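Enquirer: predicted model and sequence below, questions to follow.
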Amino acid sequence: MESFEDNEDWYRDAGEQGWGHEAHNRHFIGVLGEMAFATYYDLQVDTETFSRTDGGVDFRVRFTERETSDETVEVDVKCSPAENPDLIVETESVDAEYYVQCHLPNGPPENNKQTTVEMMGGATKEMLLNREPRKSLNYGHYNYHVAPQYLLNLPLPSEVQPIE
């Protein structure tokens, strides 16, 4: 969080807007989703420090069982403690080709306790862009939503290769 805390305007605005969680918790929740994805697919979490954003891409992989198996697929992992959460991507932030929705069924862990992260499914960039954007009730921007029942099954670990 240090790089975000150094940017006082962003950090203050993000904390005031909240997006449903205090800024520290939002980043912690996101990292838990990324760690679950990395663990499941035997990938490395990007530990680079970003001053503002990772550019909307958490992983670069190949999906070996797809017709485009020779192409790099940029993956963005989303995570939420909300019950049965939609995959939500701000309309101005559709940067990856594939999105993964994770869920914290027991909420964010407290005091370094273990937690469970469920990977609910995925959605392609096209799936997002084919939905009608919805205005965020509290924050003024627009988001694409994919409800859990419309998420794609995630590839098996044997079907995902890291890009070095």
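Expert: Nice, thanks for sending it over. Residues are numbered from 1 along each chain as shown.

Enquirer: CA atoms only: put the longest helix anywhere in the chain into CSV for me.
Expert: In the chain, taking DSSP state H as the definition, the longest helix is helix 23-41. Provided in CSV are the C-alpha atoms of helix 23-41 (Å, rounded to 0.1, in the frame of the first residue of the first chain):
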residue,chain,number,x,y,z
ALA,A,23,-8.8,1.3,0.7
HIS,A,24,-6.4,-1.1,2.6
ASN,A,25,-9.1,-3.8,2.6
ARG,A,26,-9.8,-3.3,-1.1
HIS,A,27,-6.2,-4.0,-2.1
PHE,A,28,-5.9,-6.9,0.4
ILE,A,29,-9.1,-8.5,-1.0
GLY,A,30,-7.7,-8.1,-4.5
VAL,A,31,-4.4,-9.7,-3.6
LEU,A,32,-6.2,-12.6,-2.0
GLY,A,33,-8.0,-13.3,-5.3
GLU,A,34,-4.7,-13.0,-7.2
MET,A,35,-3.0,-15.4,-4.8
ALA,A,36,-5.8,-18.0,-5.1
PHE,A,37,-5.5,-17.8,-8.9
ALA,A,38,-1.7,-18.1,-8.8
THR,A,39,-1.8,-21.0,-6.4
TYR,A,40,-4.4,-22.9,-8.4
TYR,A,41,-2.5,-22.4,-11.7
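
Enquirer: give the next helix or strand downstream of it.
Expert: strand 59-63 (DSSP states H and E).

Enquirer: now the next helix or strand after that following strand, how far from the chain's geometric center?
Expert: Of the helices and strands lying after strand 59-63 in sequence (DSSP H and E), the nearest is strand 73-80. Put simply, strand 73-80 sits 4 Å off its chain's centre (Cα atoms, centre = their mean, to the nearest Å).

Enquirer: give me the sheet partners of strand 73-80 and which way each runs.
Expert: strand 59-63 (antiparallel), strand 98-103 (parallel) (DSSP bridges).

Enquirer: how far does stretch 94-108 stretch from one end to the other?
Expert: Criterion Cα to Cα, to the nearest Å; first-to-last residue distance in stretch 94-108 is 25 Å.
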